[in-house]
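[1] Below are the sequence and a predicted model; questions follow.
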Amino acid sequence: MLWGSMTTFHKDMSITAALEAHPGARGVFERHGMSCCLCLGANSESVEAGAIMHSVSVDEIVEELNQLDKETP
């Protein structure tokens, strides 16, 4: 999916797919201490796996990601 179309983020999508879906996704991950854009596993790791590795709530991350399209004018 490309930015500009309504994206529904979910815990099973790859981190790379989330980063490609919206430019604001990087900020969401970074606010939670996840430097996903630098991680070699971002292509194969799901959002959930990354959240577990960093001891953060996957539900909170997915909720914030899904708010991105609502915040973008």
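    Received the coordinates, thanks. Here the structure is a predicted model, which means the values were calculated and not measured.

[2] mind listing the helices in the protein by residue range?
    Here the chain has its helices, by DSSP state H, at 15-21, 25-31, 47-53, 58-71.

[3] Go through the third one and flag the buried ones.
    Right, helix 47-53. Under the neighbour-count criterion of 16 or more other C-beta atoms under 10 Å, helix 47-53 has 47-51 buried. Heads up, the C-betas are built off the backbone N, CA and C, glycines and all.

[4] Which one among the residues you listed sits at the bottom for pLDDT?
    Checking pLDDT across those, the minimum falls on Gly50 at 91.

[5] Skipping adjacent residues, who's closest to that residue in space?
    Nearest non-adjacent residue to Gly50, counting by C-beta to C-beta, 6 or more residues apart in numbering: Ile15, 5.3 Å away.

[6] count of residues packed around that neighbour?
    Close neighbours of Ile15, defined as other C-beta atoms under 10 Å, add up to 24.

[7] For Val62, give me its contacts.
    For Val62, the contacting residues are 9-11, 47, by C-beta atoms under 8 Å, 6 or more residues apart in numbering.

[8] Where does pLDDT dip in this protein?
    Flagging of the chain using pLDDT under 70 yields the residue ranges 1-6, 71-73.

[9] what do you get if the cut-off is 90, keeping everything else the same?
    Across the chain, the ranges flagged by pLDDT under 90 are 1-7, 35-44, 53, 69-73.
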